[in-house]
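K.L.:
No letters, just coordinates:
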């Protein structure tokens, strides 16, 4: 996998989708704001990114509002289901920490309280590890859903593993790591921009949409680097 081409191609797609198309860009900003303020209950921007994940070229226009809403919710559902293992780990260790805390009530022995803190910290660490492992699969699952237009295909682990195998697990993991690093750089940059009163917040709204499109196109291009299994 040519990671340089992956990055430059995704950036070019993002530029073509937004630069000079100010009406589309502004509309997507509004959809992103609605999604954020409704806590993803109206996930119209996510629905748009599903079209980008599906590999539509050039970037699609913002239309078909019902489809955007449904696809956005399907993406929400996929994300939530893949988070179940992380939630279970947190619940398990959280329960242990809670039980230890109850047992330590009124006890002056710091060792007893330390066990509750240790359980909580262990749970967070374990959940983090599980989240990282699951993310390598869930990212791919969302793209498979977008390409097949089937919610169930996001959970066809056999096909997902075969497809990743064709790409190469090492290549896919590196691609995801690069995307995460790019996201960290983006977050650092937007953090600095936010220090500018009012204007910084407005600029970040537009950059957030741009990054969302780049992010989706990057994953789609990585997915499309080899033919998908039936």
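P.N.:
In hand now; what should we look at? On a predicted model such as this, the values are computed, not experimentally measured, just so you know. Residues are numbered from 1 along each chain as shown.
K.L.:
Select the helix or strand of the chain having the lowest average pLDDT value.
P.N.:
helix 84-104 (a mean of 73; mean pLDDT, DSSP states H and E).
K.L.:
Packing partners of the strand or helix carrying residue 72?
P.N.:
Under the criterion of DSSP states H and E, residue 72 resides in helix 65-82. The contact analysis (3 or more Cβ pairs under 8 Å, 6 or more residues apart in numbering; DSSP states H and E) places helix 65-82 against helix 44-53, helix 110-148. Any C-beta I mention is one placed from the backbone N, CA and C, and that applies to glycine too.
K.L.:
Select, out of those helices, the one closest to residue 179.
P.N.:
helix 110-148 (8.3 Å; Cβ to Cβ).
K.L.:
By neighbour count, which bits of whichever helix or strand comes after the closest one are buried? Give me those.
P.N.:
For helix 110-148, the succeeding helix or strand toward the C-terminus, using DSSP H and E, is helix 157-167. Across helix 157-167, burial judged by 16 or more other Cβ atoms under 10 Å covers 159, 160, 163, 164, 167.
K.L.:
quick one: the helix holding residue 72 to helix 44-53, angle?
P.N.:
90 degrees (axes from the mean of the first three to the mean of the last three Cα atoms, to 10 degrees).
K.L.:
what angle sits between helix 65-82 and helix 110-148?
P.N.:
Going by the same axes, to 10 degrees, helix 65-82 makes 140 degrees with helix 110-148.
K.L.:
Pull out the buried residues from helix 65-82.
P.N.:
68, 69, 71, 72, 73, 74, 75, 78, 82.
K.L.:
So which of the residues you listed is the closest to residue 182?
P.N.:
Taking those together and measuring to residue 182 by Cβ to Cβ, the closest member is residue 75, at 20.5 Å.
K.L.:
Tell me the spatial nearest neighbour of that closest one, not counting adjacent residues.
P.N.:
Spatial nearest neighbour of residue 75, excluding adjacent residues (Cβ to Cβ, 6 or more residues apart in numbering): residue 46 at 4.9 Å.
K.L.:
and that neighbour, what does it touch?
P.N.:
35, 40, 71, 72, 75, 76 (Cβ atoms under 8 Å, 6 or more residues apart in numbering).
K.L.:
For these, give me TSV that also has distance to residue 200.
P.N.:
Putting the contacts of residue 46 into TSV (distance: Cβ to Cβ, whole Å) gives the following:
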residue	distance to residue 200
35	21
40	24
71	31
72	27
75	29
76	29
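K.L.:
does residue 34 really touch residue 44, like I thought?
P.N.:
Yes - the criterion here is Cβ atoms under 8 Å, and residue 34 meets it with residue 44 at 6.2 Å.
K.L.:
can you count the residues close to residue 196?
P.N.:
When neighbours are counted by other Cβ atoms under 10 Å, residue 196 registers 12.
K.L.:
sorry, back to before: find residues that contact each of residue 34 and residue 44.
P.N.:
Counting by Cβ under 8 Å, 6+ apart, nothing touches both residue 34 and residue 44.
K.L.:
more crowded one of those two?
P.N.:
Taking neighbours as other Cβ under 10 Å, residue 34 and residue 44 compare with residue 44 leading, 20 against 14.
K.L.:
how far away is the spatially closest residue to that one that is not a sequence neighbour from residue 55?
P.N.:
With Cβ to Cβ, 6+ apart as the criterion, residue 44 has its nearest non-adjacent residue at 4.2 Å, and that residue is residue 31. Using Cβ to Cβ, to the nearest Å, residue 31 is found at 20 Å from residue 55.
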